[in-house]
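A.B. asks: Provided below are the primary sequence and the corresponding predicted coordinates.
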4 protein chains.
Amino acid sequence: MNRDSIEDTISAIIDCMRTSNHCFSKSLQEEDVLMVKECIRLTRECSDICALTLNALETDSAFTKPIAALCAQVCDTCAVECGRHLHDHCQRCAEACLRCAEACRNLVAA
Amino acid sequence: MNRDSIEDTISAIIDCMRTSNHCFSKSLQEEDVLMVKECIRLTRECSDICALTLNALETDSAFTKPIAALCAQVCDTCAVECGRHLHDHCQRCAEACLRCAEACRNLVAA
Amino acid sequence: MNRDSIEDTISAIIDCMRTSNHCFSKSLQEEDVLMVKECIRLTRECSDICALTLNALETDSAFTKPIAALCAQVCDTCAVECGRHLHDHCQRCAEACLRCAEACRNLVAA
Amino acid sequence: MNRDSIEDTISAIIDCMRTSNHCFSKSLQEEDVLMVKECIRLTRECSDICALTLNALETDSAFTKPIAALCAQVCDTCAVECGRHLHDHCQRCAEACLRCAEACRNLVAA
């Protein structure tokens, strides 16, 4: 991958980490928190694996590809769950997760 | 602090980290998730600061004391919140948080 | 703080997290790794506390201010250490740490 | 897996996380830090993936198995590297990594 692609990848991961954390907090403030409880669980996992993937990329880890593959898997699952809810924060999280998952898969394939 | 005290401290932090994560997951499975939403928020924070404190202790960090002081603060808050709920996982989390907060304060004072 | 200031703060923290991780990895590749061993130790701590501060900000944590205060303290120390070395990655890390420390102190004062 | 096995698994992961962090810090204090620079890199990664695996196990994550598989991979690599060095902390780290890798593989196979 060239440096531009890596910057795009990092940007997608950072955006997903931030959006997941935002969705985690906003979901806990919803009246229908019971409805979004799986979002809460998954957004935490999503932000944690994004943070690990970022660290791997920035530190030239030998495990960047398997970590990114795992990140794509968590992001895909989080995107499906958040995509089922109409809250703005859930919809935006679903989109950020899909972009991050795609970026991670491209990284794995590179 | 002697090595025995440090082992007790580490043990209290590990127990708190584990019990917080357990309470996080079980709270998300409760019918009354709305009631325990602040536990969910705080147990995540609690397990994260416990993990950071453990890393600091094990790596001889120069910031072990301020990190432990912050850990005690988060644990105390989590203990108050979880202590208000009758679920077993909340009560056990409150106890583990109090023990961890005390251990961290002793570390800071050492 | 208004939303623009918070975005600037977040941006400074993300930059510091990334730059610290980069310096960690590059320092480990230097011939004079013995000279930069304290950079290696501190950049790890710096990126970890930056990640925690980001999570706190994005999840509306009640502990954002004490976490940011601790982040400023770690960043200041890392800036002093990295600032002593002429490697590009150390100099850039020192600058990013100083900006992050200042952003965190502004957050605490807000 | 029964509860006893899970406790053994958790215990192996905690031990590996602690021992890796200890080896990270002690390696940075060695005169021959250049020789152990790959240990320093890998022990950080090892303790981070152990922490993620612990969180996954304690929070009943749907991703526990792929995370544990990744943990086993990192631990195996860290064990090989640390096993090449005669320092006590490296030898003990190598042993803890091998036990953790085996525990994680058993978890994946369960």
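C.D. replies: Perfect, I can see it now. Computed from a predicted model, the values in this text were never measured in an experiment.
A.B. asks: Could you list the contact residues of chain A toward chain C?
C.D. replies: A:10, A:14, A:17-18, A:21-22, A:24-25, A:47, A:51, A:54-55, A:58-60 (C-beta under 8 Å from any C-beta of the partner chain). For glycine as for every other residue, the C-beta is placed from the backbone atoms N, C-alpha and C.
A.B. asks: Mark which of those residues are buried, thanks.
C.D. replies: If you count burial by 16 or more other C-beta atoms under 10 Å in any protein chain shown, the buried members of the residues of chain A next to chain C come out as A:10, A:14, A:17-18, A:21-22, A:24-25, A:47, A:51, A:54-55, A:58-59.
A.B. asks: Pop out the phi and psi values for the residue of chain A most remote from its centre.
C.D. replies: Here chain A reaches farthest from its C-alpha mean at A:E31, the gap being 24.3 Å by C-alpha atoms, centre = their mean. Note on A:E31: backbone dihedrals following degrees, to the nearest 10 are phi -60, psi -40.
A.B. asks: quick revisit: among the residues of chain A next to chain C, which pair sits farthest apart?
C.D. replies: A:S25 and A:D60 (32.2 Å; C-beta to C-beta).
A.B. asks: Near chain B, which residues of chain A? Just list them.
C.D. replies: Residues of chain A lying close to chain B by C-beta under 8 Å from any C-beta are A:F24, A:S25, A:L28, A:E31, A:V33, A:L34, A:K37, A:I40, A:R41, A:R44.
A.B. asks: now the angle from the lowest-mean-pLDDT helix or strand in chain A to helix C:3-28?
C.D. replies: Least confident helix or strand, chain A: helix A:3-28 with a mean of 95, by mean pLDDT, DSSP states H and E. Interaxial angle, helix A:3-28 versus helix C:3-28 (axes from the mean of the first three to the mean of the last three C-alpha atoms, to 10 degrees): 130 degrees.
A.B. asks: Helix A:3-28 vs chain D: in contact?
C.D. replies: No - judged by C-beta under 8 Å from any C-beta, helix A:3-28 makes no contact with chain D; its nearest approach is 13.2 Å.
A.B. asks: next one: stretch A:75-82
C.D. replies: Yes - residues of stretch A:75-82 contacting chain D under C-beta under 8 Å from any C-beta: A:T77.
A.B. asks: For A:T9, which non-adjacent residue is closest in space?
C.D. replies: A:A103 (4.5 Å; C-beta to C-beta, 6 or more residues apart in numbering or on different chains).
A.B. asks: in what helix or strand does that neighbour lie?
C.D. replies: Following DSSP states H and E, one finds A:A103 within helix A:88-109.
A.B. asks: contact partners of that helix?
C.D. replies: Helix A:88-109 has contacts (C-beta atoms under 8 Å, 6 or more residues apart in numbering or on different chains) with A:1, A:5, A:8-9, A:12-13, A:15-16, A:18-20, A:22-23, A:26-27, A:36, A:39, A:43, A:46, A:50, A:53, A:57, A:64-65, A:68-69, A:71-73, A:75-76, A:78-80, A:82-85.
A.B. asks: In ChimeraX, select just the buried ones from those.
C.D. replies: In ChimeraX syntax, the buried subset of the contacts of helix A:88-109 is picked out as below (16+ other C-beta under 10 Å):
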select /A:9,12,13,15,16,18,19,20,22,23,26,27,36,39,43,46,50,53,57,64,68,69,71,72,73,75,76,78,79,82,83,85
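A.B. asks: What helix or strand is A:T77 located in?
C.D. replies: Element membership of A:T77, judged by DSSP H and E, is helix A:64-83.
A.B. asks: now the angle between helix D:64-83 and that helix, please.
C.D. replies: With the same axes, to 10 degrees defining the directions, helix A:64-83 sits at 160 degrees from helix D:64-83.
A.B. asks: Alpha carbons of helix A:64-83, in PDB - could you do that?
C.D. replies: Extracted as PDB, the C-alpha positions of helix A:64-83 are listed here (Å, rounded to 0.1, in the frame of the first residue of the first chain):
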ATOM      1  CA  THR A  64      -1.300  -5.900  11.500                       C
ATOM      2  CA  LYS A  65      -3.000  -8.100   8.900                       C
ATOM      3  CA  PRO A  66      -4.600 -10.600  11.300                       C
ATOM      4  CA  ILE A  67      -5.600  -7.800  13.700                       C
ATOM      5  CA  ALA A  68      -7.200  -5.900  10.800                       C
ATOM      6  CA  ALA A  69      -9.000  -9.000   9.700                       C
ATOM      7  CA  LEU A  70     -10.500  -9.300  13.100                       C
ATOM      8  CA  CYS A  71     -11.300  -5.600  13.100                       C
ATOM      9  CA  ALA A  72     -13.300  -6.000   9.900                       C
ATOM     10  CA  GLN A  73     -15.200  -8.900  11.400                       C
ATOM     11  CA  VAL A  74     -16.200  -6.900  14.500                       C
ATOM     12  CA  CYS A  75     -17.000  -3.800  12.500                       C
ATOM     13  CA  ASP A  76     -19.300  -5.800  10.100                       C
ATOM     14  CA  THR A  77     -21.200  -7.300  13.000                       C
ATOM     15  CA  CYS A  78     -21.500  -3.900  14.700                       C
ATOM     16  CA  ALA A  79     -22.700  -2.300  11.400                       C
ATOM     17  CA  VAL A  80     -25.500  -4.900  11.000                       C
ATOM     18  CA  GLU A  81     -26.700  -4.300  14.600                       C
ATOM     19  CA  CYS A  82     -26.500  -0.500  14.600                       C
ATOM     20  CA  GLY A  83     -28.000  -0.400  11.000                       C
END
